[in-house]
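Q: coordinates only, sequence not included:
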């Protein structure tokens, strides 16, 4: 099994993002993920400003699937 740790994450999809792992069709891949605020607890009642929303919704990866 191929595991991709949550430390390998991106905030924007781009062709310039280097693959975190490579796999082949049929391989089993386990993605470790974070919540939408990168696992940082946000106090109730927080007002969301642009700076707070800059690094939201991290995506683990990317994964390159070889043929």
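A: Here it is on my side, so go on. Just so we're clear, the structure is a prediction, and the values are computed from it rather than from any experiment.

Q: Okay, residue 23 and residue 32: tell me how far apart.
A: Remark: distance between residue 23 and residue 32 (C-beta to C-beta, to the nearest Å) = 15 Å. The C-beta positions use only the backbone N, C-alpha and C, and glycine is treated the same way.

Q: So for the two, which residue has more residues nearby?
A: With neighbours defined as other C-beta atoms under 10 Å, residue 23 and residue 32 compare such that residue 23 has more, 16 against 12.

Q: Pull the contacting residues for that one.
A: If a contact means C-beta atoms under 8 Å, 6 or more residues apart in numbering, then residue 23 has 2, 29, 63, 64, 65, 66 as its contacts.

Q: switch the cut-off to 7 Å
A: 2, 29, 63, 65, 66 (C-beta atoms under 7 Å, 6 or more residues apart in numbering).

Q: Could you do residue 31 as well?
A: Counted by C-beta under 7 Å, 6+ apart, residue 31 has contacts 4, 60, 61.

Q: same check, this time on residue 11
A: With C-beta under 7 Å, 6+ apart, residue 11 has these contacts: 55, 58.

Q: Below-threshold pLDDT in this structure: ranges please.
A: 50-52 (pLDDT under 70).

Q: ranges for the helices of it?
A: 50-53 (DSSP state H).

Q: Narrow the contacts of residue 23 to those in strands?
A: Among the contacts of residue 23, the members falling in strands (DSSP state E) are 2, 29, 63, 65, 66.

Q: Now flag whichever of these is closest to residue 36.
A: residue 63 (20.1 Å; C-beta to C-beta).

Q: The closest one: how many residues sit nearby?
A: Neighbour number of residue 63 under other C-beta under 10 Å is 16.

Q: that older thread, include distance to residue 53 when you put the ones in strands among the contacts of residue 23 into JSON lines, please.
A: As requested, the ones in strands among the contacts of residue 23 are exported to JSON lines (distance: C-beta to C-beta, whole Å):
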{"residue": "2", "distance to residue 53": "31"}
{"residue": "29", "distance to residue 53": "29"}
{"residue": "63", "distance to residue 53": "26"}
{"residue": "65", "distance to residue 53": "31"}
{"residue": "66", "distance to residue 53": "35"}
